[in-house]
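Participant: Everything below, folded, please.
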Amino acid sequence: MKSLLLLWQKVANESATWCCTSATMDCKTVLGRVEHEGLSFLTITLPQFGKDFEKSLDQGVVDRRSFTGFQWKRGLPRFLGGFLDRVFDRTSGVLLDSPCIDAIIAIRQLTLMYSKIELPCSDTRVRDALRGWVECEQHVREADSQRTPIDIEAFRRMSALLYRKELTIVDRKIYDGDELFPQHGPGSTADGLIGNNKFLQSTWPARLEKYFPMGEMLLPNWSYYNQLEEIDMLEPGSEIPVKVITVPKTLKTPRIIGMEPTAMMYAQKAISPLIREALKGSRKRGSDYLSSFLGFDDQTPNQRMAEEGSLLQGLATLDLSEASDRVSNQLVREMFRDHPHLHGAVDACRSRKADVDGHGVIRMAKFACMGSDLCFPIEAMVFLTIIFLGIEKDLNTSLCPRILKEYVGRVRVYGDDIIVPVEHVRSVVSMLEHFGAQVNTAKSFWTGRFRESCGKEYFAGHDVSIVKFRQEFPTHRMNATGVISLISFRNQMYFSGYWGTVKWLDDAIRKIIRYFPVVEPSSPVQGRHSFLSYEPERMCKQLHRPLVRGYVVNAKSPINRLDGSGALLKILLNTRNRELGVLPDADKEHLERSGRPQAVNIKLRWSIPF
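Facilitator: Below you'll find the predicted structure:
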């Protein structure tokens, strides 16, 4: 707590120097509030102040209903008043004609710096989050019941207009079965299998058999057919449900994800690359607009469009709350209905039930939890379909490929980060909510000159993005995750221009780790990034290259040996998936060690500084 407060004060004083003001009273306010309210002031109250500030930028005026819990002086809060006076008029609260960009960055940095610190929530907040997840299920069911046949037909027609060619290609590939190459992910699963153990499955859902037959999916070749006798076929009633868990997100609320059963995730990873590749490759088949509307791997187009929207005010940025949890399975079924093999395969590898702590096993109305490999691409497809239904309604004319092409560079979806033209935003928002989505108005912007998308924020064409503190302040070297996070924060602050704060951070880091050399960002050494060149400490006798002494991350996967038919299957699948560009080159020890590292360490050694 003390280190977090000291860091806040350093950033506040340096920001005040930038903006020719004083942060003395602000530091006193923070010190007093933290003494009485604890860490929640830094991680919950201040971030809410930052969100209200962003909304004020978007609206062009400060609303008296905002900034609750803070004293006011005429038209603005007293807290951070020296910075606010350079952005808004003190008397009227109206946005200045030429607000100070440095002041905007400073306010955002000071209020949102600790908004994403990964700390465990209280048990009460965890229970509330899980209860909210269950209530969201009920909202999806209500939206399904209120949807009319006209709505369903409109959704099917628009999805066909957008995806017919691409989904037909995927449908044919699934029918042929020649390109269905499953793979296992590194994460945990609902049935507790980790790493190489996933290649030794003892159960297989009967629903998968039509599109993912055991003999094709679980055996390296049919000479091992006798091993199928050891696999238990699970009927739908005895399938393993998704395990709903919470992981740290903010101190206010945890993130809720679902751990899929091994077999389901295995099959999902066979279909997902086919869908993604078909949508990304639409440009080659003449549908050059579709690949510009959907993003799966690259966030920079969304960020560029957000910058353009902040400068020209022609594009709006929208954010959805509980995006994946509000995608109805009924809508997904309608989207794939004209493609029976794709429809059947997706439905077969979709988990139907979820095990929620305190609520038991419930049947899911949503398509999938966050954690399913199909969740991200399919939710984006659903949202894009609804967006163009909203645009179509606003234009009062049926869309066609010619009209769709006019929106290239004006519409884009990356997960739940959405960009649409400002002139259609209200119709799009209305249509999204009509189909069960919930637009997060606190993080959606279209009125003023502030825009946010995919982790970047802009005001009037200026990048006002900030650096966020992610882990607790480490007190010793054994807290490797904290040390790595702190060094990353230090380096980001350096390139953001907070050099006074960085000097203080360097002194704090040196108290934890003795060796802290200057290195390039590409170096494996945990060191200081700088505009100045690194200084070699000695030369490698074998390779004749410069070396520096510092700490290198050591995160080894747990020992998890695999041999026999399971090892052969893994090698064959990995070789094929690497040929398709789905997997990177294999680790030499992948048959000895596998899965996510259970612990991260940093070890002192000589290594390259570049």
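Participant: any low-confidence regions in the stretch 351-500 of the chain?
Facilitator: Across the stretch 351-500 of the chain, nothing is flagged by pLDDT under 70.
Participant: What is the least confident helix or strand in this protein?
Facilitator: Between all helices and strands in the chain, the lowest mean by mean pLDDT, DSSP states H and E belongs to helix 564-579, at a mean of 83.
Participant: Going C-terminal from that one, what's the next secondary structure element?
Facilitator: strand 601-607 (DSSP states H and E).
Participant: wait, isn't residue 102 in contact with residue 18?
Facilitator: Yes: using C-beta atoms under 8 Å, residue 102 makes contact with residue 18 at a distance of 4.7 Å. For the C-beta atoms, the positions are set from N, CA and C on the backbone; glycine is no exception.
Participant: Looking at the two, which one has more neighbours?
Facilitator: Set residue 102 next to residue 18 and count neighbours by other C-beta atoms under 10 Å: residue 102 wins out with 18 against 15.
Participant: which other helices and strands contact whichever strand or helix holds that one?
Facilitator: Per DSSP H and E: residue 102 is located in helix 101-112. Judged by 3 or more C-beta pairs under 8 Å, 6 or more residues apart in numbering; DSSP states H and E, helix 101-112 is in contact with helix 2-18, helix 46-59, helix 81-84, strand 456-459.
Participant: Residue 527: which of the ones you listed is closest?
Facilitator: Nearest to residue 527, of all the helices and strands packed on helix 101-112, is helix 2-18, at 19.9 Å by C-beta to C-beta.
Participant: rewinding a little: output the helices and strands packed on helix 101-112 in TSV; the columns should cover distance to residue 37.
Facilitator: Shown next, in TSV, are these (distance: least, C-beta to C-beta, whole Å):
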stretch	distance to residue 37
helix 2-18	13
helix 46-59	10
helix 81-84	20
strand 456-459	27
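Participant: need the contact list for residue 542.
Facilitator: Neighbour list for residue 542: empty [criterion: C-beta atoms under 8 Å, 6 or more residues apart in numbering].
Participant: how close does it get to residue 457?
Facilitator: Going from residue 542 to residue 457 by C-beta to C-beta, to the nearest Å gives 47 Å.
Participant: burial of the closest residue to residue 325 other than its chain neighbours, as a residue count?
Facilitator: Counting by C-beta to C-beta, 6 or more residues apart in numbering, residue 136 is the residue found nearest to residue 325 once chain neighbours are left out, at 4.8 Å. Around residue 136 sit 19 other residues, with neighbours defined as other C-beta under 10 Å.
Participant: sec struct for residue 136, please.
Facilitator: Secondary structure state of residue 136, per DSSP: H, G, I helix; E, B strand; the rest coil, is helix.
Participant: I'd say it and residue 322 touch.
Facilitator: Yes: here residue 136 reaches residue 322: they are 5.6 Å apart, a contact under C-beta under 8 Å.
Participant: Give me the longest strand you can find in the protein.
Facilitator: If you go by DSSP state E, the chain has its longest strand at strand 546-554.
Participant: okay, the angle between it and strand 601-607?
Facilitator: Strand 546-554 and strand 601-607 are oriented at 160 degrees to each other (axes from the mean of the first three to the mean of the last three C-alpha atoms, to 10 degrees).
Participant: Report all helices and strands that strand 546-554 contacts.
Facilitator: Judged by 3+ C-beta pairs under 8 Å, 6+ apart, the packing partners of strand 546-554 are helix 480-495, strand 525-526, strand 538-539, strand 601-607.
Participant: buried ones in the first one?
Facilitator: So the one you mean is helix 480-495. Neighbour counts over helix 480-495 (16 or more other C-beta atoms under 10 Å) mark 480-494 as buried.
Participant: How about residue 239, nearest residue that isn't a chain neighbour?
Facilitator: Using C-beta to C-beta, 6+ apart and skipping the chain neighbours, the partner closest in space to residue 239 is residue 205 (5.2 Å).
Participant: how much space is there between that neighbour and residue 347?
Facilitator: Counting by C-beta to C-beta, the gap from residue 205 to residue 347 is 12 Å.
Participant: Just want to know which of these two has more residues nearby.
Facilitator: residue 205 (21 against 16).
Participant: follow-up on the earlier one: dump the C-alpha coordinates for the least confident helix or strand of the chain into PDB.
Facilitator: Coordinates of each C-alpha in helix 564-579 appear next as PDB, following Å, rounded to 0.1, in the frame of the first residue of the first chain:
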ATOM      1  CA  GLY A 564       3.300 -44.600 -27.300                       C
ATOM      2  CA  SER A 565       0.400 -43.900 -29.500                       C
ATOM      3  CA  GLY A 566      -0.400 -40.600 -27.700                       C
ATOM      4  CA  ALA A 567       3.100 -39.200 -28.600                       C
ATOM      5  CA  LEU A 568       2.700 -40.300 -32.200                       C
ATOM      6  CA  LEU A 569      -0.700 -38.600 -32.400                       C
ATOM      7  CA  LYS A 570       0.600 -35.400 -31.000                       C
ATOM      8  CA  ILE A 571       3.600 -35.300 -33.400                       C
ATOM      9  CA  LEU A 572       1.400 -36.000 -36.400                       C
ATOM     10  CA  LEU A 573      -1.200 -33.300 -35.400                       C
ATOM     11  CA  ASN A 574       1.400 -30.700 -34.500                       C
ATOM     12  CA  THR A 575       3.200 -31.300 -37.800                       C
ATOM     13  CA  ARG A 576       0.000 -30.800 -39.800                       C
ATOM     14  CA  ASN A 577      -1.100 -27.800 -37.800                       C
ATOM     15  CA  ARG A 578       2.300 -26.100 -38.100                       C
ATOM     16  CA  GLU A 579       2.100 -26.600 -41.900                       C
END
